[in-house]
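**Q** quick one, what's the 3D model for this:
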Amino acid sequence: MARRREDMIAGTRTKLIAAARRAFAAHGYVASAMEDITAAAGLTRGALYHHFDSKRGLLEAVIAQIDDEMNDRLAAVVDRAETRWQGFLDELATYVQMASEPEIQRIILLDGPAILGDPAQWNRQIACVRTTQRSLELLVEEGTIGDIDTASMARLISAAALSGSLSIAAAEDPRSVSRQVVESLARLVSGLKSVRRP
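**A** A predicted model of the protein is given here:
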């Protein structure tokens with residue numbers, strides 16, 4: 001009985017997140033009415049408030065789901081790379097290129113900061129900085145790059161990638177700006193290979 005209840009709760013949450021995700025992607029957060037989201041999910045407004053404390057809470061859940069999918073895609077890119085360094089470069093490029101995808105643009109990069117505040121302060125972005133730091137530490141250990149302050153460098157690289165992504169999302173021609181940002185970011189981090197051990 002308890003298992004069935006857990007499945008029902010999970011199913012309701014899944015329906016609400018899916019309906020909200022479609023609405024936010026198509027119309028934006030502000031223009032998406034709670035009534036329309038619950039109707040599309042085949043649920044009541046009460047069900048929404050039972051599972052999410054607010055529309056903002058629903059946005060956070062949608063962003064978490066998209067972010068998990070982005071992380072899976074990035075992990076696959078890293079796994080395919082022939083070297084750790086190439087994986088690092090490919091991961092950065094792919095992250096930035098995702099900013100030209102309409103759903104990510106609208107929900108993560110435009111509505112997310114407008115409603116939830118500075119994305120650099122989101123828990124998931126902070127976790128991303130830690131992941132970047134770990135990648136840099138491994139590159140130092142294997143001798144691909146020289147000794148650096150990996151914590152500071154991770155924050156700088158992550159900030160550059162995030163800033164580039166936000167500029168892509170706000171651009172009139174996102175794909176063109178994406179190419180420019182990817183190239184600039186690659187040039188920026190390529191300087192790490194010129195750092196040599198003392």
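**Q** how far off centre is the worst-scoring helix or strand of the chain on mean pLDDT?
**A** Every helix and strand of the chain was ranked by mean pLDDT, DSSP states H and E. The lowest is helix 45-51, at a mean of 79. Chain-centre distance of helix 45-51: 26 Å, with Cα atoms, centre = their mean, to the nearest Å.
**Q** and the residue lying closest to S158 once chain neighbours are set aside, how many residues sit next to it?
**A** Excluding the flanking residues, the one nearest S158 by Cβ to Cβ, 6 or more residues apart in numbering is V129, at 4.6 Å. In short, each C-beta sits where N, CA and C put it, glycine included. Residues lying near V129 (other Cβ atoms under 10 Å) number 18.
**Q** kindly report the domain assignment for this structure.
**A** Listed by automatic domain parsing, the domain ranges of the chain are 1-52, 63-194.
**Q** and the ones you listed, which one is worst for confidence?
**A** By mean pLDDT, the lowest-scoring of the domains of the chain turns out to be domain 1-52, with a mean of 85.
**Q** for it, what is the distance to the chain centroid?
**A** 21 Å.
**Q** again with stretch 176-187
**A** 18 Å.
**Q** show residues contacting that stretch.
**A** Residues from elsewhere that reach stretch 176-187 (Cβ atoms under 8 Å, 6 or more residues apart in numbering): 89, 92-93, 96-97, 99-100, 160-161, 164-165, 167-168, 171.
**Q** again, only this time at 10 Å
**A** Outside stretch 176-187, the residues that touch it by Cβ atoms under 10 Å, 6 or more residues apart in numbering are 89, 92-101, 157, 160-161, 163-165, 167-171, 173-174.
**Q** are any of the residues you listed buried, and if so which?
**A** 89, 92-101, 157, 160-161, 164-165, 167-169, 171, 174 (16 or more other Cβ atoms under 10 Å).
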